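> what's the 3D shape of this:
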Amino acid sequence: MNPLVSIILTSYNKSASVGQAIESVIKQTYPHWELFIMDDNSNEETVGVIEQFLDHPRIYYYNSHVAESDRYKTTRYATLINQAIADSRGKYLSYLTDDNIYLPQRLKVMVNYLEKNKTVQIVYSEQLVKVYGHNQTVTQEFVRKNYGILHKAANRVDHCSVMHTRKIANQVFNKYQSYWDDDPQFWLNGDAAFWTRLNQLQPFYPIPQVLDVAWKFPESFQRLYLHVPNTIPDGTLIRGLAKDVYLIDQQKRRKISEEMMTRLHYSKNSIIKIPDPFLFKYDEGAPVDENVLLSPALFPNQRLVKSKNAPAIYYLQNNRRYLIKNMNTFNYFQFNPNEIVMVDDKTIEAIPNSQQIIEPLNTIQNILPNGVLWKSNQQFFLSYNNRLHPIQHEVLKRLKLSDSKAVTLPPTFLPKFPRGKSFSYVKNNLM
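Numbers count the residues shown, from 1 in each chain. Below you'll find the model as predicted:
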């Protein structure tokens with residue numbers, strides 16, 4: 001008897017590579033397989049590529065049609081995998097992504113191992129990783145080696161390198177009432193969460209051979225997620241896979257046009273790309289368009305504004321204006337004169353007034369401007385609502401914040417301001 005292998009391919013907006021992933025299954029030397037393509041409502045270009053393969057009798061296609069606003073409610077690929085496992089029939093389960101390919105002998109080698117070693121229920125192979133630059137050339141290439149028999153496979157084994165029995169998957173389901181844990185906290189490492197469940201039942205057994213190839217493109221989920229903090233700071237410009245740019249303002253994403261970026265003196269170079277699920281985690285707020293100049297209540301925060309007829313410069317935060325005491329204060333906080341937005345007196349007067357921003361910092365009654373980067377010894381902080389939020393150096397760089405622009409905070413004054421939640425990222429060894 002030749003056991004059936006159920007392969008689950010998760011797909012989202014990878015039109016350039018998803019076809020090759022599917023073809024790598026069709027070209028397997030082991031012919032007893034079924035392929036479930038679980039697409040998470042990709043763009044038309046990606047769906048068009050997938051549709052070219054749907055005449056194959058052993059390929060099954062599912063489109064989630066998930067709403068963008070629902071993308072962050074679960075770890076989507078885990079949700080899709082759970083559905084596919086329930087619908088599949090194979091004795092063995094294997095996984096694939098739209099930016100990964102199987103080598104031709106992949107299924108045969110793994111099935112042979114499992115069939116010859118009846119007590120083994122989970123195997124994993126070595127993996128060739130190719131990292132691509134923006135010009136589509138390989139900038140780095142390495143082999144992810146095996147680590148022997150693994151009792152803790154989490155964050156050490158990519159799920160495209162694994163095959164396991166349906167029997168052990170059912171044991172996981174009986175214990176947890178689900179296969180993969182699709183809680184949104186596992187967006188970055190959903191496979192690691194599932195490996196932890198599997199490892200409670202059996203270790204992973206190694207096959208010392210490269211059997212799949214992982215492509216890491218600039219737009220790959222793992223690379224876009226690299227060092228992105230759990231919370232994006234207000235004042236950050238972000239975009240996902242589409243061209244739309246958003247401003248994070250009071251923890252909402254506000255769509256901003258190229259024209260308004262110019263008029264409000266935002267730099268295109270400060271835009272950071274993040275994965276779509278993380279982008280759509282933020283509720284959409286009012287767009288930053290021409291109306292902000294007509295309705296001051298819509299004016300984005302963390303902007304410098306100045307009347308055309310007066311020397312006073314204000315900093316906007318929490319929908320109020322704070323007068324910057326003088327140029328010494330302006331320079332102390334490392335404000336950029338090129339970012340001052342000139343507005344009329346009526347606009348400024350319509351924004352509620354608040355207290356002054358002054359320096360030096362000699363009392364906790366001082367107002368710390370939101371979004372300012374601070375440095376004390378080798379620690380960095382962002383200030384929001386008069387709290388100092390620690391920020392990891394990797395996150396600082398990911399957000400395109402220059403440590404050379406950090407304001408020095410005397411160590412003796414550091415304890416006088418309360419600490420806020422850290423801007424930190426989830427570490428994953430497979431990144």
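> which residues in the stretch 51-200 of the chain form helices?
76-87, 106-116, 166-176, 190-199 (DSSP state H, counting those that start in this stretch).
> nearest to residue 154, out of the ones you listed?
With CB to CB, the closest approach to residue 154 among the helices of the stretch 51-200 of the chain belongs to helix 190-199: 3.8 Å. Bear in mind the C-beta positions are built from the backbone N, C-alpha and C, glycine included.
> helix 106-116 and the following helix or strand past that closest one, what's the angle between them?
Remark: after helix 190-199, the chain's next helix or strand is strand 205-216, criterion DSSP states H and E. Relative orientation of strand 205-216 and helix 106-116, computed by axes from the mean of the first three to the mean of the last three CA atoms, to 10 degrees: 160 degrees.
> quick one: average pLDDT of strand 205-216?
Average pLDDT, strand 205-216: 97.
> list the buried residues for whichever helix or strand comes after it?
Downstream of strand 205-216, the first helix or strand assigned by DSSP H and E is helix 221-225. For helix 221-225, the neighbour count (16 or more other CB atoms under 10 Å) marks 221, 222, 224, 225 as buried.
> can I get stretch 170-177 in PDB, CA atoms only?
Presented in PDB, the C-alpha positions along stretch 170-177 are these (Å, rounded to 0.1, in the frame of the first residue of the first chain):
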ATOM      1  CA  ASN A 170      -5.800  13.800  16.000                       C
ATOM      2  CA  GLN A 171      -4.200  13.300  19.400                       C
ATOM      3  CA  VAL A 172      -3.400  17.000  19.500                       C
ATOM      4  CA  PHE A 173      -7.000  17.800  18.500                       C
ATOM      5  CA  ASN A 174      -8.400  15.600  21.200                       C
ATOM      6  CA  LYS A 175      -6.400  17.400  23.800                       C
ATOM      7  CA  TYR A 176      -6.800  21.000  22.700                       C
ATOM      8  CA  GLN A 177     -10.000  20.800  20.500                       C
END
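> number of nearby residues for the residue lying closest to residue 20 once chain neighbours are set aside?
Nearest non-adjacent residue to residue 20, counting by CB to CB, 6 or more residues apart in numbering: residue 101, 5.6 Å away. By other CB atoms under 10 Å, 22 other residues sit near residue 101.
> among the buried residues of helix 221-225, which two are most distant?
Most distant of the buried residues of helix 221-225, by CB to CB, are 222 and 224, 7.5 Å apart.
> I figured residue 306 was touching residue 342, is that so?
Yes: with contact defined as CB atoms under 8 Å, residue 306 reaches residue 342; the gap is 5.9 Å.
> returning to that earlier point: separation between the residue nearest to residue 20 and residue 216?
Applying CB to CB, to the nearest Å, the value for residue 101 to residue 216 is 13 Å.
> could you do residue 183 as well?
Taking CB to CB, one finds residue 183 at 25 Å from residue 216.
> higher neighbour count, the two?
residue 216 (19 against 14).
> report the beta-bridge partners for that one.
Each beta-bridge partner of residue 216 is listed here: residue 131, as defined by DSSP bridges.
> if we can go back for a sec, surely the residue nearest to residue 20 meets residue 210?
No: if you go by CB under 8 Å, residue 101 and residue 210 don't touch, sitting 11.6 Å apart.
> that older thread, go through the helices of the stretch 51-200 of the chain and name the closest to residue 25.
helix 106-116 (8.3 Å).
> ok, and what's touching that closest one?
2-3, 5, 7, 28-30, 33, 92, 94, 120-121, 123, 125, 163, 165, 205, 207, 209, 211-212 (CB atoms under 8 Å, 6 or more residues apart in numbering).
> filter these down to the ones in strands?
Under the assignment DSSP state E, the contacts of helix 106-116 contribute 5, 7, 33, 92, 94, 123, 125, 163, 165, 205, 207, 209, 211-212 to strands.
> mind checking which of the contacts of helix 106-116 are buried?
Counted by 16+ other CB under 10 Å, the contacts of helix 106-116 give 5, 7, 28, 30, 33, 92, 94, 120-121, 123, 125, 163, 165, 205, 207, 211-212 as buried.
> what's the helix or strand for residue 328?
Counting by DSSP H and E, residue 328 is found in helix 327-332.
> list the buried residues for that helix?
Buried-residue list, helix 327-332, by 16+ other CB under 10 Å: 329, 330, 332.
> using the three-state scheme, assign the closest residue to the last one other than its chain neighbours.
Closest residue in space to residue 332, ignoring its immediate chain neighbours: residue 359 at 4.4 Å, by CB to CB, 6+ apart. Assigned by DSSP: H, G, I helix; E, B strand; the rest coil, the conformation of residue 359 is coil.
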